[in-house]
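Peer 1: structure for the following, please:
(chains A and B, ligands or ions: 1)
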Amino acid sequence: MPATEQDFLNNPLGKNPTLEDVLDGFEFLDDWEERYAFIIDLGKQLPAFPDDARIEENYVHGCQSQVWVISHFHEASGKLYLLIDSDAMIVRGLAAMILIALNGKTPRDLLATDIDELFEQLDLFRHISPTRGNGLRSMIGKIRDIAAAHAAE
Amino acid sequence: MNDLSMASTATQKAFDVQAIRRDFPILSQQVNGKPLVYLDNGASAQKPRSVLDAMDRYYREMHSNVHRGAHTLGDRATAAFEGARETVRSFLNAGSTREIIWTKGTTEAINLVANGLAPKLKAGDEILVSHMEHHANIVPWQMIAERTGAKVVPIQVTPAGELDLESFDRLLSDRTRVLAITHVSNVLGTINPVNELVGKAKARGVITLLDGAQAVPHFQPDVQALDCDFYVFSSHKLFGPTGIGVLYGKAALLEDMPPYQGGGEMIERVSFERTTWNVLPYKFEAGTPAIAEAVGLGAAIDYLNGLDRPAMEAAENALMVRANQLVETVPGMSIIGTAKQKVPVMSFKIEGLHPSDVGTLLDQQGIAIRTGHHCAMPLMDFYGVPGTARASFAFYNTLDEVEQLFTALQKIQRLFA
Ligand SMILES: Cc1ncc(COP(=O)(O)O)c(C=O)c1O
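Peer 2: So this is what the prediction gives:
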């Protein structure tokens, strides 16, 4: 099933939970097990991803796991909506974090968001092996490219 | 300087893993607040202090260019460098140091051989490799095949991760020119029956290359007994420095091959009319070599020679046995690669978990393993997995570390449950 505009608009991530909710929740987790359990749980909130969108064009290279990103630009509101999919649980959790921070923003707002700072706040980059870190950067890079293309229009 | 390590290695004391661990400075550190458990030896092994010291001493006391200077330092550097070549010759039981070529590593050694054999290949010829090769023993042959019209043909693998010998017998034919095969699989740990393979290939006049990258860290090959034409390995997996490796080749074949790169050192005489090549092994060593690294590799082999090898192999085997016993303590875990003859390498998957999740969460617990395709994508395709998690052990790993790995895996399992 191809993704409809509704699929994009129905994605709760970016509205609920809010970034503040997540940051607040994360603050009280003090060991790696709790932090990762939290991330894995976030990953379970990723909405279903359309099967037919798992194609090369949407593939994010540079990750150990398979990652796909698709987007929909909502003309009426000028906002950019995203869906991400991965076969690895931790990557799904990180993808959810990215969506919470970036989904449903205007391309300009998206580009103005310092996602690295967010992940540093979460103390995540330090805890992620370089290859995985690279995967994360590739995901963010792809999303920023999409936003930049729309911002330029 | 710690003379203890020297004493303990020189006299071949009983295999005491705790004493051995003290020879490897890097092993005593903490990672993510936990004592490091290093189980990624297949990717690259750690270095004993004697290797670090040898390289340090080389730069402090002997460095200069080799085979050049009419001065004392040049002589010292050359002696150390050529001494290391002799150490490697003896390690492989090669007939002559002329047959020991320094390369950057296994990858460059295979590329060198593939390029050197290209003039012998033509359309319709076949290069036999296997389905369990590292990309380093596939891609150079594909590149040569592209150039010459030859074909790269893979020998099948059985589900247990052994070479399918029927497939080998079927594929070995009058068209076969080269058999290039791994001695030990980096993913599965399988020790291939290379004596038999090389024997059958030789009987048909096929040129043979063995990729020893994963073999030499666990046991010592004898290239004369194997009777292979080429044997290659990397120093960094053999507890030596990065940036250097070895190509053993039979002198007659090496003489026959064109040089790989042109430059200084590899020539006898250069003129614009005619340039002639230097003698073996220098013909294949263009430019200033990795001198300190060669010395470091020599020191690594000296270190291994000081260990009680049979005891070391028994200790490694005990690690594998313990790991195999513990597999059932992790629900959904299964081993990929259950060959009868194995080095202590354990590729595994856990039902419902992506290998990268496993790797990340082990790292949180101070445990280093490798996850991914291990540069063996055809083998991943064969098993229908995107990748595996792989714990690869060295003689300095302990039974306690094996147990920590499984305790950590159980924890991860619970996290996802
Ligand atoms: C079996 C095998 N062959 C070749 C290589 C390539 O070695 P290097 O990268 O040191 O050249 C490796 C290293 O992973 C290996 O395991």
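
Peer 1: buried residues in the helix or strand hosting residue A:96?
Peer 2: According to DSSP states H and E, residue A:96 maps onto helix A:89-102. When neighbours are counted by 16 or more other C-beta atoms under 10 Å in any protein chain shown, the buried residues of helix A:89-102 are found to be A:89-102. (Each C-beta comes from the backbone N, C-alpha and C, glycine too.)

Peer 1: quick check: which helices or strands does it pack against?
Peer 2: Secondary-structure packing of helix A:89-102 (3 or more C-beta pairs under 8 Å, 6 or more residues apart in numbering or on different chains; DSSP states H and E): helix A:19-27, helix A:32-43, strand A:79-86, helix A:115-121, helix A:130-151, helix B:355-363.

Peer 1: columns mean pLDDT, distance to the ligand and mean neighbour count on top of the ones you listed, output as TSV?
Peer 2: TSV is the format used below for the helices and strands packed on helix A:89-102 (pLDDT from 0 to 100; distance: least, C-beta to the nearest ligand atom, whole Å; neighbours: other C-beta atoms under 10 Å in any protein chain shown):
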stretch	mean pLDDT	distance to the ligand	mean neighbour count
helix A:19-27	84	37	13
helix A:32-43	89	29	18
strand A:79-86	96	26	24
helix A:115-121	80	31	15
helix A:130-151	82	15	18
helix B:355-363	92	16	25
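
Peer 1: just put these in CSV and tack on distance to residue B:90.
Peer 2: Shown next, in CSV, are the helices and strands packed on helix A:89-102 (distance: least, C-beta to C-beta, whole Å):
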stretch, distance to residue B:90
helix A:19-27, 58
helix A:32-43, 47
strand A:79-86, 51
helix A:115-121, 52
helix A:130-151, 38
helix B:355-363, 38
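
Peer 1: which among these is found nearest to residue B:245?
Peer 2: Nearest to residue B:245 among the helices and strands packed on helix A:89-102 is helix A:130-151 (23.9 Å), distances taken as C-beta to C-beta.

Peer 1: now that closest one, how far from the centre of its chain.
Peer 2: With C-alpha atoms, centre = their mean, to the nearest Å as the basis, helix A:130-151 stands 9 Å off its chain's centre.

Peer 1: run the angle between it and helix B:355-363 for me.
Peer 2: 120 degrees (axes from the mean of the first three to the mean of the last three C-alpha atoms, to 10 degrees).

Peer 1: could you list every helix and strand in contact with helix A:130-151?
Peer 2: Counting by 3+ C-beta pairs under 8 Å, 6+ apart, helix A:130-151 packs on strand A:67-74, strand A:79-86, helix A:89-102, helix A:107-112, helix B:355-363.

Peer 1: in a markdown table: these, plus distance to residue B:309.
Peer 2: As requested, the helices and strands packed on helix A:130-151 are exported to a markdown table (distance: least, C-beta to C-beta, whole Å):
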| stretch | distance to residue B:309 |
| --- | --- |
| strand A:67-74 | 45 |
| strand A:79-86 | 45 |
| helix A:89-102 | 41 |
| helix A:107-112 | 60 |
| helix B:355-363 | 30 |
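
Peer 1: right, so of these, which gets closest to residue B:405?
Peer 2: helix B:355-363 (7.5 Å).

Peer 1: next helix or strand past that closest one?
Peer 2: Helix B:355-363 is succeeded, C-terminally, by strand B:367-368 (DSSP H and E).

Peer 1: ok, residues contacting that following strand?
Peer 2: Residues from elsewhere that reach strand B:367-368 (C-beta atoms under 8 Å, 6 or more residues apart in numbering or on different chains): B:31, B:34, B:36-40, B:362, B:404-405, B:408.

Peer 1: hang on, the earlier thing: just want the angle from the helix holding residue A:96 to helix A:19-27.
Peer 2: Helix A:89-102 and helix A:19-27 are oriented at 140 degrees to each other (the same axes, to 10 degrees).

Peer 1: give the rounded mean pLDDT of helix A:89-102.
Peer 2: Per-region confidence: helix A:89-102 scores 92 on mean pLDDT.

Peer 1: please apply the same query to stretch B:239-251.
Peer 2: 98.

Peer 1: same question for stretch B:406-417.
Peer 2: Averaged over stretch B:406-417, pLDDT sits at 93.

Peer 1: do stretch B:211-227 as well
Peer 2: 98.

Peer 1: residues in chain B within reach of the ligand, list them.
Peer 2: Counting by C-beta under 6 Å from any ligand atom, chain B comes close to the ligand at B:105-107, B:134, B:136-137, B:182, B:186, B:211, B:213-214, B:234, B:375.

Peer 1: swap in 5 Å and give it another go.
Peer 2: Applying C-beta under 5 Å from any ligand atom, one finds that chain B approaches the ligand through B:105-107, B:134, B:136, B:182, B:186, B:211, B:213-214, B:234.

Peer 1: by contact count, what packs against the helix or strand that residue B:110 is a member of?
Peer 2: Assessed by DSSP H and E, residue B:110 sits inside helix B:106-117. With contacts defined as 3+ C-beta pairs under 8 Å, 6+ apart, helix B:106-117 has these neighbours: strand B:100-103, helix B:139-148, strand B:176-182, strand B:207-211, strand B:230-234, strand B:245-249.

Peer 1: can you give me the strands for the stretch 301-417 of chain B?
Peer 2: B:333-336, B:345-350, B:367-368, B:370-372, B:388-392 (DSSP state E, counting those that start in this stretch).

Peer 1: tell me which of those strands is the most buried.
Peer 2: Compared across these, strand B:388-392 shows the largest average neighbour count, a mean of 26 (mean count of other C-beta atoms under 10 Å in any protein chain shown).

Peer 1: nearest residue to the residue of chain B found nearest chain A in space, please, no chain neighbours.
Peer 2: The nearest approach of chain B to chain A comes at residue B:354, 3.6 Å away (C-beta to the nearest C-beta). Spatial nearest neighbour of residue B:354, chain neighbours left out: residue A:88 (3.6 Å); criterion: C-beta to C-beta, 6 or more residues apart in numbering or on different chains.

Peer 1: touching, the one you found and residue B:359? I think so.
Peer 2: No. Using C-beta atoms under 8 Å, residue A:88 makes no contact with residue B:359, being 9.8 Å away.

Peer 1: pull up the overlap in contacts between the two.
Peer 2: With C-beta under 8 Å, 6+ apart, residue A:88 and residue B:359 have common neighbours residue A:64.

Peer 1: count the residues that sit near residue 109.
Peer 2: Here I'm looking at chain A. Residue A:109: 15 surrounding residues under other C-beta atoms under 10 Å in any protein chain shown.

Peer 1: meant chain B actually
Peer 2: Neighbours of residue B:109 (other C-beta under 10 Å): 31.

Peer 1: same thing with the one 10 residues further on?
Peer 2: For residue B:119, the tally of surrounding residues (other C-beta under 10 Å) stands at 11.

Peer 1: residues contacting it?
Peer 2: If you count contacts by C-beta under 8 Å, 6+ apart, residue B:119 has them with residue B:258.

Peer 1: again with the one 10 residues further on
Peer 2: Residue B:129 makes contact with B:137-138, B:141, B:152-155, B:180-181 under the criterion C-beta under 8 Å, 6+ apart.

Peer 1: output these as JSON lines; include the columns pLDDT and neighbour count.
Peer 2: Listed next are those as JSON lines, based on pLDDT from 0 to 100; neighbours: other C-beta atoms under 10 Å in any protein chain shown:
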{"residue": "B:137", "pLDDT": "98", "neighbour count": "25"}
{"residue": "B:138", "pLDDT": "98", "neighbour count": "22"}
{"residue": "B:141", "pLDDT": "98", "neighbour count": "26"}
{"residue": "B:152", "pLDDT": "98", "neighbour count": "20"}
{"residue": "B:153", "pLDDT": "98", "neighbour count": "18"}
{"residue": "B:154", "pLDDT": "98", "neighbour count": "18"}
{"residue": "B:155", "pLDDT": "98", "neighbour count": "24"}
{"residue": "B:180", "pLDDT": "98", "neighbour count": "25"}
{"residue": "B:181", "pLDDT": "98", "neighbour count": "24"}
